[in-house]
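Engineer: my questions are about this predicted structure, shown below with the sequence.
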Amino acid sequence: MHKRHLLTACLAGVICWGTASDTRAANPVFPGRYADPEVAVFENRYWIYPTFSARYEQQVFLDAFSSTDLVNWTKHSRILDTNAVSWAWRAMWAPAVIEKEGKYYLFFGANDIQNNEQQGGIGVAVSDNPAGPFKDYLGKPLIDRFHNGAQPIDQFAFRDRDRSHYLIYGGWRHCNIAKLRDDFRGFEAFPDGVTFKEITPDGYVEGPFMFWRKGKYYFMWSEGGWTGPNYSVAYAMAESPHGPFKRIGKILQQDRAIATGAGHHSVLQIPGREEYYIVYHRRPLGETDGNHRVVCIDRMTFDDQGMIEPVKITHEGVGPVPLKTSAP
């Protein structure tokens, strides 16, 4: 049964939303139209950084949500907006946040550029706090050109096991990987002299995500049209973050009894545990507005060969998963 959510003012200027602590979260996990959720764990809290799902001209800010248990969520409003980014004026998309040496770096797309003559692309902002406020780090886009045919959107910041950092990104059915400099102000060329290496697998459209598990790099992406019912997530595996990646199959898609357009996701591993969740957006049944997208969480599992099993999307969502508090 769908649980009733509770809405309360928990802090000045901050809104909390969730359920009683012993119930399941229920999907969507927080109210409002949001998409492209990036999930992370910072400062002993879960964080979700989504796109505000509206017309491009209204996408001038980013909110964040935090939780201690995946069930009860606190909204942090306008952690970044176009007032803090001189070159951005609309279509702020798909935030990706990573911590490095006590600072938080938020990579974002802006302006939905259609060619190399337009201003915009992928930017980066920085803050001392995962809740912001974030400020523009460079004063210009980090990537403002189409390399290998990839529109500069849908960026994901990946930390490899050797502590190297990569930006994996791309729309328009092309995906690149590029190695970030230590200061995140630019990129280092790969040994072959290439800076933006294409790793596009069959079926790729947008929304890349990568994680490492048991010796394998799992590369995931979204397929289909973002406004349609068949938006979905597929994946591949390789022994290197550079691939080659051969498509294995879909693991997240619509259920006509629950919701349509399930896609553009991220993956959460509970720290220290072999327990995974997929955080994604979907469209309520019967909804025809392409921007009516909501953020949901469901369990993600693997078979004995390490293959990702198809995700069952639910109304019930997940139960509470408290984070262990580190000893002082």
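Structural biologist: Here it is on my side, so go on.

Engineer: CA atoms for contacts and neighbours, from now on please.
Structural biologist: Fine.

Engineer: all strands for the stretch 51-200 of the chain, in order.
Structural biologist: Along the stretch 51-200 of the chain, counting by DSSP state E, counting those that start in this stretch, strands occupy 61-67, 73-81, 93-100, 103-110, 121-127, 135-136, 156-159, 165-169, 176-180, 187-188, 197-198.

Engineer: okay, those strands in CSV with mean pLDDT and distance to Asn27 next?
Structural biologist: Shown next, in CSV, are the strands of the stretch 51-200 of the chain (pLDDT from 0 to 100; distance: least, CA to CA, whole Å):
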stretch, mean pLDDT, distance to Asn27
strand 61-67, 98, 15
strand 73-81, 98, 12
strand 93-100, 98, 20
strand 103-110, 98, 25
strand 121-127, 98, 30
strand 135-136, 98, 32
strand 156-159, 98, 24
strand 165-169, 98, 28
strand 176-180, 98, 32
strand 187-188, 98, 38
strand 197-198, 98, 35
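
Engineer: straight-line length of stretch 216-236, end to end?
Structural biologist: Using CA to CA, to the nearest Å, one end of stretch 216-236 lies 10 Å from the other.

Engineer: any idea of the mean pLDDT in it?
Structural biologist: Average pLDDT, stretch 216-236: 97.

Engineer: show me where pLDDT drops low in the stretch 201-328 of the chain?
Structural biologist: Scanning the stretch 201-328 of the chain for pLDDT under 70 picks out 325-328.

Engineer: try it again at 90.
Structural biologist: The model of the stretch 201-328 of the chain has pLDDT under 90 over residues 288, 324-328.

Engineer: the longest strand belonging to the chain: how far from the chain's middle?
Structural biologist: As assigned by DSSP state E, the longest strand anywhere in the chain is strand 259-269. Offset of strand 259-269 from its chain centre (CA atoms, centre = their mean, to the nearest Å): 9 Å.

Engineer: contacts for the helix or strand just after that strand, please.
Structural biologist: Next helix or strand after strand 259-269 toward the C-terminus (DSSP states H and E): strand 276-284. Applying CA atoms under 8 Å, 6 or more residues apart in numbering, the external contacts of strand 276-284 come out as 34-39, 229, 258-270, 292-301.

Engineer: can you list the strands that strand 276-284 pairs with?
Structural biologist: strand 259-269 (antiparallel), strand 294-300 (antiparallel) (DSSP bridges).

Engineer: hey, C-alpha coordinates of it in PDB?
Structural biologist: This file holds the C-alpha atoms of strand 276-284, laid out as PDB (Å, rounded to 0.1, in the frame of the first residue of the first chain):
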ATOM      1  CA  TYR A 276      23.000  -1.200  -4.300                       C
ATOM      2  CA  TYR A 277      20.100   1.100  -5.200                       C
ATOM      3  CA  ILE A 278      19.200   2.800  -8.400                       C
ATOM      4  CA  VAL A 279      18.000   6.400  -8.300                       C
ATOM      5  CA  TYR A 280      16.200   7.500 -11.400                       C
ATOM      6  CA  HIS A 281      13.400   9.600 -12.800                       C
ATOM      7  CA  ARG A 282      10.100   8.400 -14.400                       C
ATOM      8  CA  ARG A 283       6.800   9.800 -15.600                       C
ATOM      9  CA  PRO A 284       3.500   9.200 -13.800                       C
END
